[in-house]
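# Next comes the sequence, and after it the predicted model I'd like to discuss.
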Amino acid sequence: MKHLKFYVLMGIFFVASCRWESEEDFADPCNSTITWIPAPADTCFSLPINGLGQVVATTHWPFLSKPHFYPNDSNRFLYVSSWYEGDSSHIFITNHCTGEKEYLISVKSVYSPCWGATDWILFSSGFGPIHKIKSSGDSLMVLNPQRGMSEYFWMNNGLNIHAQLRKSSTERFSIILDLDGEIIDTFNQLISRGAFKNGKIATLYNYENAPFLGIMSIIDWTFSPLLLYNPAFTISSIDWLDDQTIIWSDSKGIRKANINSGEITFIKETPCDNLRYSFISASPDDSGRILTTRLEYVYVTSDSLVKYQRISLLDTNTGQEWILGLE
């Protein structure tokens, strides 16, 4: 496996090194002790499928996913590392410039962890209760003992949490909690995949009996639709790129929308099944950089297909993308 990994990385390096016009462009942005590998040029091919409908490929472990920036430091973020199907997932914190990396906690079937401005990190396992923990690994506790909470994200500079509470198969509603886990507000607008900024929530919402991506105001809980979306193209995550721009990922790629003009543009299209993005997080410094979960299939030889899931850093202004060496 070590030899396989070496040749794959060398192949990626060779292909990617042809993409920039100067060594200055090629150098990683901050002299990181983490390896920054320029992403290879996009390719498009059909995946080999067996009789069970499964892709015929070798899986490269670990799978890395669900990056989330720390709101107070654009160099630090958390991510999830998983070895083998069904095994526990491990949450790590890293600094992509210094290379510092710290283990935080292991969780079975972890839902997307998110890091708040007060340095609390939220996570849950399945539909179990939401937990919180400090980035130092201290003060692990249950935020609220109720089960069935999901779709949680930070609001109001890390002082409040939105969550969706499922009481039964037919009864769901949105709640807001404080840092002690007390429910301080309940409302019927069912918010999913949300991200909060400046009194607005970028979210998925059933508007006039149709699924829309748009903006919910927390002042009067009115919704402004931006995009009618097809539920078949699942939107895995949404974030704010800056005060006027939201960003999201689905099977078609990564897109952004200006909330004032309504203009929607692709940052990165993924028309073929051999490359997909999910679980993105935008840098808090409004630099236009985002972390992504990059799932791709790579032929390391003519008859050997390998499945990778890694974290990449994508500059939405230049299109440059680096795969971060976090293994």
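That came in fine, so what should we check first?
# was I right about residue 244 contacting residue 260?
Yes - in this structure, residue 244 is within contact of residue 260 by CB atoms under 8 Å, at 5.8 Å. Placement of C-beta: from N, CA and C, glycine included.
# Show me which of the two is the more surrounded one.
Higher neighbour count among residue 244 and residue 260: residue 244, with 13 against 9, using other CB atoms under 10 Å.
# Now do the helices in this protein.
Under the criterion DSSP state H, the chain carries helices at the ranges 2-17, 23-26.
# How many residues are close by residue 160?
18.
# Please apply the same query to residue 254.
20.
# Once you drop chain neighbours, what's closest to residue 284?
Spatial nearest neighbour of residue 284, excluding adjacent residues (CB to CB, 6 or more residues apart in numbering): residue 71 at 4.8 Å.
# From residue 158, how far off is that neighbour?
7 Å (CB to CB, to the nearest Å).
# Now for those two: what residues contact both?
116-117 (CB atoms under 8 Å, 6 or more residues apart in numbering).
# Please name the residues that touch residue 124.
Residue 124 touches 110-111, 130-131, 149-150, 152, counting by CB under 8 Å, 6+ apart.
# Any chance of TSV for the residues you listed, columns pLDDT and neighbour count?
Rendered in TSV, the data for the contacts of residue 124 read as follows (pLDDT from 0 to 100; neighbours: other CB atoms under 10 Å):
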residue	pLDDT	neighbour count
110	89	20
111	86	21
130	95	22
131	96	19
149	90	22
150	91	17
152	95	22
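# how far is stretch 40-59 from where the chain is centred?
Averaging C-alpha positions (CA atoms, centre = their mean, to the nearest Å) puts stretch 40-59 23 Å from its chain's average.
# Buried residues of that stretch, list them for me.
For stretch 40-59, a neighbour-count test (16 or more other CB atoms under 10 Å) marks 40, 57 as buried.
# Then stretch 130-146?
130-133, 135, 143-144, 146.
# One more: stretch 239-249?
Quick answer for stretch 239-249 (16+ other CB under 10 Å): 239-242, 245-249.
# What of stretch 318-327?
By neighbour count with 16+ other CB under 10 Å, stretch 318-327 contains the buried residues 320-326.
# residue contacts, residue 91?
Applying CB under 8 Å, 6+ apart, the residues near residue 91 are 78-81, 103-107, 110, 113, 121, 123.
# 7 Å instead?
78, 80, 104-105, 107, 110, 113, 123 (CB atoms under 7 Å, 6 or more residues apart in numbering).
# How about residue 212, nearest residue that isn't a chain neighbour?
residue 225 is the one closest to residue 212 (CB to CB, 6+ apart), at 4.0 Å.
# where's that neighbour relative to residue 247, distance?
17 Å.
# ditto for residue 222
22 Å.
# Just give me the residue right at the centre of this protein.
residue 279 (2.1 Å; CA atoms, centre = their mean).
# shouldn't that residue be in contact with residue 238?
No - look at residue 279 against residue 238 with CB atoms under 7 Å: they stay out of range, at 10.6 Å.
# Residue 42 - nearest residue in space that isn't next to it in sequence?
Residue 42 sits nearest to residue 275 (CB to CB, 6+ apart), 6.6 Å away.
# okay, now that neighbour: neighbour count?
20.
# just the one 3 residues further on next, same as before
Other residues within reach of residue 278 by the criterion other CB under 10 Å amount to 19.
# got the contact list for it?
236-237, 249, 293, 295.
# Please apply the same query to residue 96.
Counted by CB under 7 Å, 6+ apart, residue 96 has contacts 32, 34, 75, 313, 324.
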